[in-house]
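Chemist: Return a 3D structure for these sequence lines:
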Amino acid sequence: MSPDLTLHPAVAAVRAALAARGFAPDFRVLPDAVKTAPAAAAALGITPAEIANSLIFKAVDGAGQESALLVMASGGHRVDTAYLADQLGVARIERADPDFVRTHTGMAIGGVAPVGHPTPLRTVVDIDLERFESVWAAGGHAQTVFRTSYADLLAMTSGRPAAVARPG
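Modeler: Sure thing, here's the model as predicted:
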């Protein structure tokens, strides 16, 4: 018998963070771990663009100070880090390694949720997600997801709406 992943500590942290913000979405446990937007989309029967990928980057300011940046990107986009750095006014944005991700989120890559982190993260929400009535986000474990909306992602994360890929 499979363990009840809704009881996983990271999933519990996500549920608690959502509840504290007034959200109570239904979580879905997928039959297998999904670590990419195409895999999650296939498991849910939707397009990759409807997946709200939680991507953690290192934002580096002009003095070389690093901070965690959560980018909620449509699974249909590849984040243009130079373009996004210009929009956010930081020197550069770099891909984070698995240890940095776990340190700042308490979750492993593939299961990083929009909320439930040890401390709130500066967050950007891809404006492309607005075109969908609902989108799916990771729920704290690579086999858990929940349905939400663009507006709710902005509200639950206190995120900034932005284009994450250069137009055109």
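
Chemist: which residues touch the longest helix belonging to the chain?
Modeler: The residue-count maximum for a helix in the chain (DSSP state H) belongs to helix 9-20. For helix 9-20, contacts defined as CB atoms under 8 Å, 6 or more residues apart in numbering pick out 5-6, 24-25, 27, 106-107, 111, 113, 115-117, 139-141, 144, 146, 156. All C-beta spots, glycine's among them, are computed from the backbone N, C-alpha and C.

Chemist: can you do 10 Å?
Modeler: 4-8, 23-25, 27, 29, 102, 105-108, 111-118, 120, 137-144, 146, 148, 152, 156-157 (CB atoms under 10 Å, 6 or more residues apart in numbering).

Chemist: Okay, and which of these map to helices?
Modeler: Per DSSP H, the contacts of helix 9-20 map to helices at Arg102, Thr105, Asp152, Met156, Thr157.

Chemist: Between the residues you listed, identify the one with the most neighbours.
Modeler: Within the ones in helices among the contacts of helix 9-20, Thr105 tops the neighbour count with 26 neighbours, counted by other CB atoms under 10 Å.

Chemist: For the helix-or-strand element of the chain with minimal mean pLDDT, buried residues please.
Modeler: None of the helices or strands of the chain scores lower by mean pLDDT, DSSP states H and E than helix 37-44, at a mean of 88. Using 16 or more other CB atoms under 10 Å as the test for burial, helix 37-44 gives Ala37, Ala39, Ala40, Ala41, Ala43, Leu44.

Chemist: Just give the nearest non-adjacent residue to Ser67, would you?
Modeler: Nearest non-adjacent residue to Ser67, counting by CB to CB, 6 or more residues apart in numbering: Ala59, 5.2 Å away.

Chemist: chain center to the helix or strand hosting that neighbour: distance?
Modeler: For Ala59, the element it lies in under DSSP states H and E is strand 51-60. Chain-centre distance of strand 51-60: 6 Å, with CA atoms, centre = their mean, to the nearest Å.

Chemist: helices and strands around whatever helix or strand comes next after it, which ones?
Modeler: Toward the C-terminal end, the helix or strand that comes next after strand 51-60 (DSSP H and E) is strand 66-74. Contacting strand 66-74 under the criterion 3 or more CB pairs under 10 Å, 6 or more residues apart in numbering; DSSP states H and E are the following elements: strand 51-60, helix 81-88, strand 92-95, helix 98-105, strand 122-126, strand 135-138, helix 150-157, strand 160-162.

Chemist: Next, the buried residues of strand 66-74.
Modeler: Those would be Ala68, Leu69, Leu70, Val71, Met72, Ala73, Ser74, for strand 66-74 by 16+ other CB under 10 Å.
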